[in-house]
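Colleague: what follows is a protein structure lacking sequence information:
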Ligand SMILES: Cc1ncc(C[n+]2csc(CCOP(=O)(O)OP(=O)(O)O)c2C)c(N)n1
Ligand code: SF4
């Protein structure tokens, strides 16, 4: 797809542009689902028509957090659970950026759970990818907020007594205006969902099932999935909150029973994003507060002028 880059030139975009010039050797284990997220994201970018210099990827801490090192764009490998506050700040400073935040289930639903809830509630225009492998991967397989009840690990050797959170329902009830689940075992669906999430104006939450063959062989992330949009067994209106909520409940229960339901669960195209609301009410300027381009001739002073003007 062709698009205008940040300095106004029209050109074709290729997924290989998102591979760093000196490609770092990925330190993910062989067979890790995180490779699937990276691949799907690179494939989705040309569909969205965004260039690396128009894109910011903010990651948390964990195996998943390494994504920003293997993807060429502006990047910020933030601290544990704090990808979303960084992403929000960047989006507010420069609404023209395609902002993607990513991290694990421990990072996003555990330590960063409050940021998840409130970024969704405010409907900030960004895509949030949660690598859901049902454990803490980087720290060697401890029980996480999405581990099933009874899950045995070094932190819960007799089996977890806690019920897992319901990630899709949490996204919906918090206020996310796009909620989907996909899986690394299905690159085509993953690519489509990520492209759609990026094109969505508002907070798009993608629960991305990623297998961890090293620490969590019991998770259902490996088994064939059902796409609720393709299957005749599931008939619900993705624009209807109540129907979406029921469908999410079913998907969340089914996952621990071995049936992986994926697809789009909720889409609200009507609600304005935080930034749109603020611009409509005159509380936020149309132009970015700060911007920097990949252009040798660019007037670097401009970002300072803009900040002065909006003080
Ligand atoms: C404040 C803080 N607490 C704890 C840690 C240790 N730590 C690093 S990664 C991690 C878990 C990551 O798990 P998850 O977010 O599920 O990501 P995954 O590694 O599975 O992709 C933890 C607890 C840390 N880096 N910072
Ligand atoms: S520990 Fe698990 S999540 Fe981390 S790189 Fe290895 S397979 Fe992937």
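Modeller: Nice, I can see it. Remember, predicted model here, so these are calculated numbers, not experimental data. Ligands and ions are numbered 1, 2, ... in the order given.
Colleague: my guess is residue 219 contacts residue 212. True?
Modeller: Yes - using C-beta atoms under 8 Å, residue 219 is in contact with residue 212, at 7.1 Å. (Each C-beta comes from the backbone N, C-alpha and C, glycine too.)
Colleague: quickly list what's touching both of the two.
Modeller: In terms of C-beta atoms under 8 Å, 6 or more residues apart in numbering, residue 219 and residue 212 are both contacted by the residues 133, 134, 135.
Colleague: if we check ligand 2, which of the residues you listed are in contact?
Modeller: Restricting these to those near ligand 2 by C-beta under 6 Å from any ligand atom leaves residue 133.
Colleague: now, the shared contacts of residue 219 and residue 212 that are in strands?
Modeller: Assigned to strands by DSSP state E, the following of the shared contacts of residue 219 and residue 212 qualify: residue 135.
Colleague: can you report phi and psi for residue 42?
Modeller: With angles defined as degrees, to the nearest 10, residue 42 sits at phi -60, psi -40.
Colleague: now residue 57
Modeller: Dihedral angles (degrees, to the nearest 10) for residue 57: phi -110, psi 120.
Colleague: isn't it right up against residue 69?
Modeller: No - with contact defined as C-beta under 8 Å, residue 57 does not reach residue 69; the gap is 9.8 Å.
Colleague: which residues do those two both contact?
Modeller: What both residue 57 and residue 69 touch, as defined by C-beta under 8 Å, 6+ apart, is the set residue 75.
Colleague: compare the two (neighbour count), which wins?
Modeller: Shown here are residue 57 and residue 69; by other C-beta atoms under 10 Å, residue 57 has more neighbours (27 against 15).
Colleague: what residues does this structure have near ligand 2?
Modeller: So far as C-beta under 6 Å from any ligand atom goes, the chain lies against ligand 2 at 28, 29, 32, 34, 63, 133, 137, 138, 212, 213, 214, 215.
Colleague: quick revisit: tell me the one of the shared contacts of residue 219 and residue 212 nearest ligand 2?
Modeller: Among those, residue 133 lies closest to ligand 2 (C-beta to the nearest ligand atom), at 5.4 Å.
Colleague: residue ranges with poor pLDDT in this protein?
Modeller: 1-10, 290-311 (pLDDT under 70).
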